[in-house]
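**Student:** Need a 3D model of the sequence below.
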Amino acid sequence: MTDFTKQTIILENHRARLEPLEEKHFIPLWEIAKQEELWEFTTAKINSEAAFRRYVDTALQEMKDGLSYVWAIFDKEQNKYGGCTRYGNISLLHKRVEIGWTWYDPSLQRTGLNRNCKLLLLSYGFEELQLNRIELRTSHLNLKSQKAIEGIGATKEGILRQHMIAENGFVRDTVYFGMIKQEWPEIKERIFNK
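**Tutor:** Just a heads-up that it's a prediction; the model follows:
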């Protein structure tokens with residue numbers, strides 16, 4: 001598998017444009033990230049501009065190191081940035097990534113933006129990168145996220161107990177979901193080509 005992490009990858013459809021995260025995205029994304037409700041179920045607790053600065057700097061460093069590929073999400077319908085997402089836990093050897101670290105402006109949730117972003121990420125992963133597996137995970141408490149992940153056709157594979165410790169000390173159980181390349185054509189037709 002070719003190392004895609006050093007390429008400039010822009011993914012786009014009629015609704016969304018995913019742009020590789022750069023310093024220029026800091027200010028528009030900070031305007032969204034300052035809404036504390038976005039971080040309720042995450043291990044990162046963004047409660048200040050300095051905390052968001054650390055979050056972005058870590059994401060940019062992970063991109064340099066080939067550990068993650070992070071995108072700023074531009075909502076073409078609303079003509080504004082709407083959030084952030086990434087491929088993380090990249091394993092080129094095993095042809096596997098995790099889609100996650102995803103957050104959207106609350107005003108854009110349940111508007112179709114997430115589904116369009118997931119279509120871009122899943123299509124690119126399975127069709128261009130020829131991945132064997134794409135994973136998604138969320139907190140056991142985040143029922144809204146679990147429902148959304150199931151809604152895009154991912155299979156709930158289990159719960160990792162006491163899996164992560166959030167910045168505030170909360171110990172989280174993590175619900176794992178997955179999708180494999182053999183399932184993608186049917187899921188794409190059934191879920192995304194409506």
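**Student:** The residue found closest to residue 125 once you drop the neighbours it is linked to in the chain: neighbour count?
**Tutor:** Among residues not flanking residue 125 along the chain, residue 131 sits closest, at 4.6 Å (Cβ to Cβ, 6 or more residues apart in numbering). To be clear about C-beta, it is placed using only N, CA and C from the backbone, and glycine gets the same treatment. One way to gauge burial is a neighbour count; for residue 131, by other Cβ atoms under 10 Å, it gives 24.
**Student:** any chance you could map the strands in the protein?
**Tutor:** Under the criterion DSSP state E, strands of the chain are mapped to 11-12, 16-20, 69-75, 80-91, 96-104, 133-139, 155-165, 171-180.
**Student:** quick one: low-confidence parts of the protein?
**Tutor:** For the chain, applying pLDDT under 70 flags the ranges 194.
**Student:** The same query, at a cut-off of 80, please.
**Tutor:** For the chain, the stretches with pLDDT under 80 are 1-2, 167, 194.
**Student:** Could you pick out the longest helix of the protein?
**Tutor:** Among the elements of type helix in the chain, defined by DSSP state H, the one spanning the most residues is helix 49-64.
**Student:** So which bits of it are buried?
**Tutor:** Of all the residues in helix 49-64, those buried under the rule 16 or more other Cβ atoms under 10 Å are 51, 52, 55, 56, 59, 60, 62, 63.
**Student:** ok, the closest residue to the first one other than its chain neighbours - how many residues close by?
**Tutor:** On the basis of Cβ to Cβ, 6+ apart, the spatially nearest residue to residue 51 that is not a chain neighbour turns out to be residue 45, at 7.0 Å. Residue 45 has 16 neighbouring residues, counting by other Cβ under 10 Å.
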